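Student: have a look at this fold, sequence not included:
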């Protein structure tokens with residue numbers, strides 16, 4: 001599952017933690033959760049909340065279409081708490 005944050009200019013602590021819980025819940029059901037399109041402040045907040053450690057690299061340069069076409073990051077498994085290949 002890919003969550004596109006390209007139209008989200010701000011995420012607060014509660015939002016970042018909600019995304020972390022969503023990742024954990026979806027991982028428990030066999031889904032791989034990724035985040036794309038996050039702006040700098042949003043990326044910083046998500047990284048501070050350690051979401052990048054769970055979902056893999058969070059950057060602005062991968063589009064939703066590219067992420068879907070690429071499939072899950074190499075070496076990841078659904079629910080893998082350290083799904084950061086590389």
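Tutor: That came through fine. None of the values given here were measured: they were computed from a predicted structure.
Student: helix, strand or coil: sort out the most centrally placed residue in the chain for me.
Tutor: Residue closest to the mean C-alpha point of the chain, counted by CA atoms, centre = their mean, is residue 35 at 3.1 Å. Applying DSSP: H, G, I helix; E, B strand; the rest coil to residue 35 yields a three-state assignment of strand.
Student: doesn't residue 16 lie inside a strand?
Tutor: No. In this structure, residue 16 is helix, not part of a strand, as judged by three-state DSSP.
Student: ok so, going back, ok, the residue nearest to the centre of the chain touching residue 46?
Tutor: Yes. With contact defined as CB atoms under 8 Å, residue 35 reaches residue 46; the gap is 6.7 Å. Yep, even glycine has a C-beta here, placed from its N, CA and C like the rest.
Student: what do these two both touch?
Tutor: 19, 58 (CB atoms under 8 Å, 6 or more residues apart in numbering).
Student: in the lowest-mean-pLDDT helix or strand in the chain, what's buried?
Tutor: One helix or strand of the chain scores below all others by mean pLDDT, DSSP states H and E: helix 64-70, with a mean of 79. Neighbour counts over helix 64-70 (16 or more other CB atoms under 10 Å) mark residue 67 as buried.
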